[in-house]
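> Need coordinates for the following:
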Amino acid sequence: MAHLESYDSFQTKKAREQKKRAKERSSSKEKNVNKGGKFVIKKGENYGTVIEVRYNDAYIFYEDRIVKAHLRKDINYPCNQVLFPGDKVIVEPDGEDFVINNMIARTSLLSRVKKDSTRLDSSVGATKNIAANINLAVIVVAAKNPPLHPKFIDRYLMVLQNSGIDSIICLNKADLKGENEEKTLDIYRNIGIPVIETSTVKKEGIEQLKEYLRGKQAIFVGNSGVGKSSLTNSLMESEEIKTSHVSEKSGKGRHTTTTSKYYVWDEKSSIIDTPGIRSLDISTFQPQEIQEYFQEFEAWSCKCKFSNCLHYKEPENLCMVKQGVKSGIISKDRYKSYIRILENVLNERTREMDDLDER
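Numbers count the residues shown, from 1 in each chain. Alright, predicted model coming up:
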């Protein structure tokens with residue numbers, strides 16, 4: 001335990017330094033963005049919504065049409081570092097295109113730390129912003145092809161809850177569901193996470209999904225090949241969106257949506273379709289913090305012998321969470337998922353300690 005305590009001390013100091021540097025970078029960027037006049041404003045009327053961002057320009061849904069726009073000249077950053085799908089912006093005509101004069105302050109921003117790389121982007125470890133102003137996130141999983149992985153759901157729930165975004169689970173390809181998939185879904189139903197089952201092939205569950213999404217700016221997140229674009233097609237009642245398929249060799253979905261895109265499917269109802277994510281990094285979470293995202297632990301963890309109990313290597317008779325798992329009140333699968341995430345974070349931090357010792 002002494003080693004862990006010394007690490008916690010080191011990590012607290014490191015986290016404080018990282019937070020300070022991030023704040024300085026953010027402050028510097030904000031000053032540059034606001035140079036020549038304030039760019040981010042609290043509210044505005046007659047705004048457009050960013051639906052897609054390229055390097056130097058963005059496509060805006062404005063007055064019932066899509067227009068191409070660029071940032072005003074005094075913004076010293078590429079457009080894709082300033083704006084993201086879902087952002088609300090004030091625009092005005094500028095020749096054949098439009099200029100973006102202001103952005104309305106965001107209510108939320110979903111981001112992740114890149115743990116994987118692609119042919120076009122190898123910046124592993126960088127923070128990647130995905131979408132802004134999200135009211136609801138739909139974690140899309142498949143019954144088969146690719147297989148249902150609870151650990152992915154748990155990681156995404158952590159990231160979404162940390163961002164203050166409500167979420168539901170959508171099991172697509174539900175016509176392929178078996179007993180094991182049903183048991184997995186029951187775990188989330190039992191902790192209060194809404195679960196919707198859909199099949200875009202058989203056109204089932206789409207109306208139920210619409211009821212959850214109506215009146216919201218929502219986002220589809222999930223692995224490649226689970227059917228996010230197919231669901232978007234069904235919402236739009238169109239086949240214009242390119243869908244992905246699953247590799248027969250690996251069983252993993254191939255990337256076809258390469259950037260987050262925004263679609264309006266009903267009045268005041270929109271969906272952002274995101275690129276498939278093969279892995280989701282949660283190493284920035286503190287070990288003690290992880291259990292806070294497993295809400296079924298809460299009633300038990302306060303009764304553990306040690307106030308800083310990680311419910312990991314502590315003796316079973318001193319850890320009430322382990323007692324809850326043993327009695328069947330806490331799902332064994334959820335507990336295993338928690339342990340996998342905790343070990344991932346602890347191992348990552350141990351490597352950081354070893355790297356520090358070698359310097």
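> Okay, now the unreliable bits of the stretch 151-300 of the chain?
238-259, 276-280 (pLDDT under 70).
> Which residue ranges of it form strands?
Secondary structure of the stretch 151-300 of the chain by DSSP state E, counting those that start in this stretch: the strands cover 166-172, 195-197, 217-221, 261-266, 269-273.
> Next: the stretch 1-150 of the chain.
Under the criterion DSSP E, counting those that start in this stretch, strands of the stretch 1-150 of the chain are mapped to 40-41, 48-53, 57-62, 65-71, 88-94, 97-104, 109-113, 127-132, 136-142.
> Domains in the protein, by residue range?
For the chain, the structural domains run 40-104, 109-273, 287-358, going by automatic domain parsing.
> so how far is the first residue of the second one from its last?
Read that as domain 109-273. Using CA to CA, to the nearest Å, one end of domain 109-273 lies 15 Å from the other.
> just stretch 299-313 next, same as before
Criterion CA to CA; first-to-last residue distance in stretch 299-313 is 20 Å.
> what does stretch 202-222 give?
End to end - CA to CA - stretch 202-222 spans 21 Å.
> Equivalent analysis for stretch 137-150, please.
Criterion CA to CA; first-to-last residue distance in stretch 137-150 is 17 Å.
> And that stretch, what's buried?
The neighbour-count check on stretch 137-150 (16 or more other CB atoms under 10 Å) flags Ala137, Val138, Ile139, Val140, Val141, Ala142, Ala143, Asn145, Pro146, Leu148, Pro150 as buried. For every residue, glycine as well, the C-beta is placed using N, CA and C.
> Dig out what the third one forms beta bridges with.
It stands for Ile139. Counting by DSSP bridges, Ile139 forms beta bridges with Ile169, Val221.
> Arg155 is in contact with that one, correct?
No. Taking CB atoms under 8 Å as the definition, Ile139 is not a contact partner of Arg155, at 9.9 Å.
> re earlier: which one among the buried residues of stretch 137-150 gets closest to Thr49?
Of all the buried residues of stretch 137-150, Ala137 has the smallest distance to Thr49: 17.4 Å, by CB to CB.
> State the distance from the closest one to Gly164.
Distance, Ala137 to Gly164, by CB to CB, to the nearest Å: 11 Å.
> repeat for Pro146
28 Å.
> got it, and Ile290?
17 Å.
> okay, those two: which has more neighbours?
Remark: of Ile290 and Gly164, Ile290 carries more neighbours, 22 against 11, as counted by other CB atoms under 10 Å.
> Out of the buried residues of stretch 137-150, which two sit at the greatest distance?
Farthest apart among these by CB to CB are Ala137 and Asn145. That separation is 22.8 Å.
> The closest residue to Val140 other than its chain neighbours: how many residues sit nearby?
Spatial nearest neighbour of Val140, excluding adjacent residues (CB to CB, 6 or more residues apart in numbering): Gly222 at 3.7 Å. Close neighbours of Gly222, defined as other CB under 10 Å, add up to 26.
> same thing with Ile134?
Quick note: Ile134 (other CB under 10 Å) scores 26 neighbours.
> for it, what are its contacts?
Each residue near Ile134 by CB atoms under 8 Å, 6 or more residues apart in numbering is listed here: Gly86, Ser108, Leu110, Ser163, Ile165, Gln217, Ala218, Ile219, Ile272.
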